[in-house]
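Q: Here is my input; please provide its structure:
(chains A and B)
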Amino acid sequence: MSEPALAIDALSFSIRGQRILHNVSVQIGSGETWSIIGTNGAGKSTLLKCLMRIHRGWTGRARLHGRDLAAFSQRELARRIAYVPQPGNDQGMLYSVREFVRMGRYAYSGPFGAAHPGDGAAIEAALKRADVEIFADRMLDTLSGGERQKVFIAAVLAQGSDILLLDEPTAFLDYGHQAAVAGILRSINRESGATVVSVTHDVNAALQSGGKVLALRGGEVAWIGPAKGLAREQTLNRIFEASFRFLEDPVTGLRLVAPQGAEE
Amino acid sequence: MRRYVWLLLLSFGSLAIVMGAPLVGGQPVSIEAILHPRPDNPAAMIFWEIRLPRVCLAWIAGAGLAVAGMAFQALFRNALATPFTLGVSSGASLGAALSVRLGWGAMLLGISGVTISAMAGALVAIAFVYGLTRLKRDCSTGAMLLAGVAVNFFFSSLILLIQYTANFYDTFRILRWLMGGLQMVGFDSPLRVLPFVITGTVLLAALVGELNLLTIGEEMAASRGVAVDCTKTLLFLVVSCMVGVIVSVCGPVGFVGLMCPHICRLMVGPDHRRLLPATLLFGGAFLVVCDTVARTSFAPTELPVGIFTSFLGGPFFLWLLLKPSRNVNLSL
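A: Here you go, the predicted structure:
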């Protein structure tokens, strides 16, 4: 068997004595789709940031295609892992879409901002793939939240990494844009075999993605398994400490959940 | 395209100002006299020994201070971050005043004691301000400006203390120098500053990609492949040294690093690949013009240029502060 894309072994992380992640171990295979779910403050976003080495000083081991994460320079790491932050933090608004996507090519650039010969093609392909070509010359601050999220995805596509870490890629988006973003991610996964790891609050999105699920609770792994196995009352109760009802999608036959309110 | 036109205009404008400025002044200087200097002609002497070196120093210092401001703005992601507002200039002033008071005339590696202690002061100031905003995990305008104000007050009080205990001659020297002036004779001073400004500018030019990404946000920069901590430390070190050297020669000339990058951003946009050359050219020309106005407007009295730049900079600063926040917060 080949090495997993990401092998995380007993990863723990604290910020000023506050334990955020504890003993997280998971093996993410190359080309797989993963959803990370869990309550607020379970450490989902933090896990992504640890893997991208935005957060440093965590303990444990993480190996990327068999090589220790610590052995990569940040630049090498960025060629293999790309990260899309939570939407809504309004970054890079003074740039045009094309300029912003071009900055995704940093990991290949030389000093003095020298461009890599492959930049132009990679940028155009990314713009096309994320379906943002039509507004490529508009400024980011003139775009809607949904359009902007597609631009962020275009930027990580330009980065050319085979592992994508996305923090709630569809949060705050309307249904049309949610479907569009999910569609782009699915096509990247299928066509280029990229490994896609998304943090999500939407259990149904995790179920529909058909991939694997890592559930965190209080910074520890609560459940790992294929998405199908998630749709069980006991499992979801344990992860979220909330009640759920189950219903079946009349077309796909997929088991979906409806959170049960406080009505009774 | 429009942005490259601006860059071209700036190049010609900057060159024209450097060539034209030495001709302006109380004593008219003819082109004839400059090209064929004769010992009996004082005009040529004034041009070659006084005005030209002064214009060169103004250009180099202005360019250096402007790109330093630009770098600090990228590092703090805030248009109000400058050597002056962050207290770096006052740190350098304290260092220089201290060395004047204690009479450190010794040279180290060809660099004077005043320069070295000014550099050290600049580094202490930036370390303090950055440490404070880091400790509070707050790089907002408020936290950063307050940290800068605190450093400014603290260092100003120490400078006053030094002046109080100094003799009349040293006190006067420190005071005149604190006003920020470019009065000097010969090419010694411009040549003292030049290597540091070149080093700083070349380094900034090498790091334009990093500066762009740092402006967007540190997390974003890291995820794109920037070694954030390393890059920031290097930038802080080199830019502070550059400011220290300029301040040790010209005094704390304020607000050049505030006004020039901002005006250039309006002309060529936020991309540092264009912003850096634009800021360099504009900053140099800006200080040459300010100095020319300062030395001619009250002729024969020559005003220290620092008084003039601060006079312009104060209102500009307020205008920036009162503008809608997206123009101040560069990460937006």
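Q: A:Tyr106 is in contact with B:Val208, isn't it?
A: No. Using C-beta atoms under 8 Å, A:Tyr106 and B:Val208 do not qualify as a contacting pair, with a distance of 10.6 Å. (Glycine included, C-beta is placed from N, CA and C.)
Q: Near chain B, which residues of the stretch 101-250 of chain A? Just list them.
A: Residues of the stretch 101-250 of chain A lying close to chain B (C-beta under 8 Å from any C-beta of the partner chain) are A:Met103, A:Gly104, A:Tyr106, A:Ala107, A:Ser109, A:Pro111, A:Phe112, A:Gly113, A:Asp141, A:Gln159.
Q: tell me the two of these that are most distant?
A: A:Pro111 and A:Asp141 (29.8 Å; C-beta to C-beta).
Q: what about the strands in chain A?
A: With strands called from DSSP state E, chain A shows them at A:6-15, A:18-28, A:33-38, A:59-64, A:67-68, A:81-84, A:163-167, A:195-199, A:212-217, A:220-226, A:244-248, A:255-259.
Q: Now find how far off-centre the shortest one is within its chain.
A: Chain-centre distance of strand A:67-68: 21 Å, with C-alpha atoms, centre = their mean, to the nearest Å.
Q: can you check the longest one too?
A: Its chain's average C-alpha position is 16 Å from that of strand A:18-28, according to C-alpha atoms, centre = their mean.
Q: repeat for the last one
A: Centre-to-centre, strand A:255-259 and its host chain are 22 Å apart (C-alpha atoms, centre = their mean).
Q: next one: the first one
A: Relative to its chain's centre, strand A:6-15 lies at 17 Å (C-alpha atoms, centre = their mean).
Q: what does the fourth one give?
A: Taking the mean C-alpha point of strand A:59-64 and that of its whole chain, the gap between them comes to 18 Å (C-alpha atoms, centre = their mean).
Q: And that strand, what does it pack against?
A: Under the contact criterion of 3 or more C-beta pairs under 8 Å, 6 or more residues apart in numbering or on different chains; DSSP states H and E, strand A:59-64 touches strand A:6-15, strand A:18-28.
Q: ok, and what's touching the first one?
A: So that's strand A:6-15. Contact partners of strand A:6-15, identified using C-beta atoms under 8 Å, 6 or more residues apart in numbering or on different chains, comprise A:19-28, A:43, A:46-47, A:50-51, A:55, A:57-64, A:66, A:163, A:195, A:197.
Q: what pLDDT does whatever residue of chain B ends up closest to chain A get?
A: Closest contact between chain B and chain A, by C-beta to the nearest C-beta, is at B:Gly225 (3.0 Å). With respect to pLDDT, B:Gly225 scores 93.
Q: Just checking, which helix or strand of chain B averages the lowest pLDDT?
A: strand B:107-108 (a mean of 64; mean pLDDT, DSSP states H and E).
Q: just for the chain, where's the confidence low?
A: As the question left the chain open, I've gone with chain A. A:1, A:88-92, A:261-264 (pLDDT under 70).
Q: Chain B is the one I meant
A: For chain B, the stretches flagged by pLDDT under 70 are B:1, B:37, B:105-111, B:136-142, B:324-332.
Q: residues from it in reach of chain A?
A: B:205-210, B:212-213, B:216-220, B:222-228, B:269-273, B:326, B:330-332.
Q: Which of the residues you listed are buried, as a PyMOL select command?
A: A single PyMOL command selects the buried members of those (16 or more other C-beta atoms under 10 Å in any protein chain shown):
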select buried, chain B and resi 205+207+208+209+210+212+213+216+217+218+219+220+222+223+224+225+226+227+228+269+270+271+272+273+330+331+332
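Q: Of the residues of chain B next to chain A, which belong to helices?
A: B:205-206, B:208-210, B:212-213, B:216, B:218-220, B:222-224, B:228, B:272-273 (DSSP state H).
Q: which residue is nearest the middle of chain A?
A: Centroid-nearest residue in chain A, with C-alpha atoms, centre = their mean: A:Leu166, separated by 2.0 Å.
Q: Let me see the contact set for the residue in the stretch 101-250 of chain A positioned nearest to chain B.
A: As assessed by C-beta to the nearest C-beta, chain B sits closest to A:Ala107 within the stretch 101-250 of chain A, at 3.6 Å. By C-beta under 8 Å, 6+ apart, the residues touching A:Ala107 are A:Arg75, A:Glu76, A:Ala78, A:Arg79, A:Gln159, B:Arg224, B:Gly225.
Q: one more time with 6 Å, if that's ok
A: A:Arg75, A:Ala78, A:Arg79, B:Gly225 (C-beta atoms under 6 Å, 6 or more residues apart in numbering or on different chains).
Q: And B:Gly251, by the same measure?
A: Contacts of B:Gly251 were listed using C-beta under 6 Å, 6+ apart, and they are B:Trp177, B:Leu178, B:Gly180, B:Gly181, B:Gly306.
Q: need the helices and strands packed on strand A:59-64 in JSON lines with mean neighbour count, can you?
A: Shown next, in JSON lines, are the helices and strands packed on strand A:59-64 (neighbours: other C-beta atoms under 10 Å in any protein chain shown):
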{"stretch": "strand A:6-15", "mean neighbour count": "18"}
{"stretch": "strand A:18-28", "mean neighbour count": "17"}
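Q: Without its sequence neighbours, what residue ends up closest to B:Gly26?
A: In space, B:Gly26 comes closest to B:Ala299 once its chain neighbours are excluded; the distance is 4.7 Å by C-beta to C-beta, 6 or more residues apart in numbering or on different chains.
Q: wait, A:Val197
A: A:Trp34 (4.5 Å).
Q: got it, and A:Asp131?
A: Leaving out its chain neighbours, the residue that sits closest to A:Asp131 by C-beta to C-beta, 6+ apart is A:Lys150, at 6.2 Å.
Q: thought that neighbour was touching A:Ala130?
A: Yes. At 4.9 Å, A:Lys150 counts as touching A:Ala130 under the criterion of C-beta atoms under 6 Å.
Q: residues near the nearest residue to B:Ser30 once chain neighbours are set aside, how many?
A: Closest residue in space to B:Ser30, ignoring its immediate chain neighbours: B:Ala43 at 6.8 Å, by C-beta to C-beta, 6+ apart. Residues lying near B:Ala43 (other C-beta atoms under 10 Å in any protein chain shown) number 17.
Q: surely B:Ala43 meets B:Glu32?
A: No. Assessed by C-beta under 6 Å, B:Ala43 is found out of contact with B:Glu32, at 9.4 Å.
Q: related to what we said a few turns ago, report the beta-bridge partner residues of the residue nearest to the centre of chain A.
A: Going by DSSP bridges, A:Leu166 is paired in beta bridges with A:Val84, A:Ser198.
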